[in-house]
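# give me the fold of what follows.
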Amino acid sequence: MDYTRKREVSKQLREKWFKSHLLDREIELRELYEMPQHELDLLMAETAELRSDSGNRERNLGKFCTAGYFLELARIIDKRRDE
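Residues are numbered from 1 along each chain as shown. Now for the predicted structure:
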């Protein structure tokens, strides 16, 4: 991994945000807990789609990794809401 990619991953992890095109805004990880269900659903769909294309890992490793964190936390929150 080259220096530019390492810096890109580091920046997104430190700030813990994801730019959602479906929600048309940047979202911080902590916002997921209070997010309405319909927005959480859109975020899960967007991050799952991004993670499903392995080419995205090569194009933007930082966004690929961050999408994974957001997707997993969103799934946990979604499951807890169903219980």
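# show the end-to-end separation of stretch 53-72, please.
End-to-end distance of stretch 53-72: 17 Å, with Cα to Cα, to the nearest Å as the criterion.
# distance from the chain centre to that stretch, please.
Centroid displacement of stretch 53-72 relative to its chain, using Cα atoms, centre = their mean, to the nearest Å, is 8 Å.
# what comes up buried for the helix or strand hosting residue 47?
According to DSSP states H and E, residue 47 maps onto helix 37-52. Across helix 37-52, burial judged by 16 or more other Cβ atoms under 10 Å covers 39-40, 42-44, 46-47, 50-51. Just so you know, the C-beta spots here come from the backbone N, C-alpha and C atoms, and that holds for glycine as well.
# could you redo those as TSV and give each row pLDDT and distance to residue 66?
As requested, the buried residues of helix 37-52 are arranged in TSV below (pLDDT from 0 to 100; distance: Cβ to Cβ, whole Å):
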residue	pLDDT	distance to residue 66
39	97	17
40	97	16
42	97	16
43	97	12
44	97	14
46	97	12
47	97	9
50	95	9
51	95	10
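# one step back: packing partners of the helix holding residue 47?
Counting contacts by 3 or more Cβ pairs under 8 Å, 6 or more residues apart in numbering; DSSP states H and E, helix 37-52 packs against strand 17-20, helix 61-82.
# hey, which of these is tucked in deepest?
Compared across the helices and strands packed on helix 37-52, strand 17-20 shows the largest average neighbour count, a mean of 18 (mean count of other Cβ atoms under 10 Å).
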